[in-house]
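Undergrad: Dropping a prediction and its sequence here:
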Amino acid sequence: MFDPLGDDDGGTGTVFRDMITLALAGFICMVLLLLPHINPKGKEGTGVSSEEPPGNVIVEARWDDKLRTDVDLWVQAPGDVPVGYSNKSGLIFNLLRDDLGSYADPTEVNFETSYSRGVPPGEYTVNIHLFRNLENIYPIWVRVVARIKKETEAGAATLAATRVRLDREGQEVTAFRFTLNDKGDLVPGSMNAVYKPLRSARK
């Protein structure tokens, strides 16, 4: 019987073993050369914590998690269109998600957030609108916070924070209006809550 690994055929078995060994060594070398490219190293961080929210101007609205109440956040950046549930993005702001309240909500948090790209100077407006209240319980209180994260800063600083009271469906309230200068600083005396319609401007 023929033995491919034996030496009965005058050295053919030795040649066969050498070929197998060389092929295996070549395969191992290819694997070792490819390993660094299979999972390349990530790029170095910029010093900003990955837990920091994206965007420069961050506006958040939060209301009672137990309520089947659809509260809408509306924002407007200088020279841009109002951004809310029916227009989720503009040149500056983006609405992250239209939260309908605890109704048809996979989470237990009633929360809406808008982020800006950049900090153009001018007036910013933040409104809260009560779209629907299936609970028929009033008043509805909404916590509204605006923060800013400049390009050179790692954290976001609070610009304004307030509580807004909603007493009926369809009501739209201005939480605050403020003006930022070309350095992203709050212009002294610019903070106010004079009503400016944003949702109705989209009709």
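TA: Received the coordinates, thanks. Residues are numbered from 1 along each chain as shown.
Undergrad: Any stretches of this structure with poor pLDDT?
TA: Filtered on pLDDT under 70, the chain yields the residue ranges 1-12, 37, 39-54, 101-106, 151-154, 200-203.
Undergrad: where along it do the helices fall?
TA: 12-38 (DSSP state H).
Undergrad: Quick check, His129 in contact with Arg199.
TA: Yes - contact status for His129 versus Arg199: in contact at 5.0 Å, counting by Cβ atoms under 8 Å. Backbone N, C-alpha and C define where each C-beta goes, glycine included.
Undergrad: which residue ranges form the strands in the chain?
TA: Secondary structure of the chain (DSSP state E): strands at 57-63, 69-76, 93-95, 110-116, 122-133, 140-148, 157-166, 172-180.
Undergrad: which residues touch Pro197?
TA: By Cβ atoms under 8 Å, 6 or more residues apart in numbering, the contact set of Pro197 is Asn127, Glu172.
Undergrad: and with 10 Å instead?
TA: Pro197 makes contact with Trp74, Pro82, Thr125, Asn127, His129, Glu172, Thr174, Lys203, according to Cβ atoms under 10 Å, 6 or more residues apart in numbering.
Undergrad: same question, Asp185
TA: Contacts of Asp185 by Cβ under 10 Å, 6+ apart are Val119, Pro121, Ile148, Lys150, Leu159, Thr179.
Undergrad: Please tell me how far it sits from Phe178.
TA: Asp185 sits 11 Å away from Phe178, going by Cβ to Cβ, to the nearest Å.
Undergrad: re earlier: name the member of the contacts of Pro197 that has the highest neighbour count.
TA: Trp74 (31 neighbours; other Cβ atoms under 10 Å).
Undergrad: beta partners for it?
TA: Beta-bridge pairing for Trp74 (DSSP bridges): Asn127.
Undergrad: OK, contacts around Ala160?
TA: Contacts of Ala160 (Cβ under 10 Å, 6+ apart): 59, 124, 126, 144-148, 175-178, 186, 191, 193.
Undergrad: one more time with 8 Å, if that's ok
TA: With Cβ under 8 Å, 6+ apart, Ala160 has these contacts: Val126, Val144, Val145, Ala146, Ala175, Phe176, Phe178, Met191.
Undergrad: want to try a markdown table for these, with distance to Pro78 and neighbour count as columns?
TA: Shown next, in a markdown table, are the contacts of Ala160 (distance: Cβ to Cβ, whole Å; neighbours: other Cβ atoms under 10 Å):
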| residue | distance to Pro78 | neighbour count |
| --- | --- | --- |
| Val126 | 13 | 29 |
| Val144 | 19 | 22 |
| Val145 | 20 | 18 |
| Ala146 | 14 | 23 |
| Ala175 | 17 | 24 |
| Phe176 | 15 | 21 |
| Phe178 | 11 | 20 |
| Met191 | 15 | 15 |
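Undergrad: of all these, which comes closest to Asn87?
TA: Lowest distance from Asn87 to these (Cβ to Cβ) belongs to Val126, with 15.3 Å.
Undergrad: which residue sits closest to Thr113, ignoring its sequence neighbours?
TA: Leu96 (4.5 Å; Cβ to Cβ, 6 or more residues apart in numbering).
Undergrad: Cross-check the contact I'm expecting between Val109 and Asp65.
TA: Yes - look at Val109 against Asp65 with Cβ under 8 Å: they come within range, at 5.8 Å.
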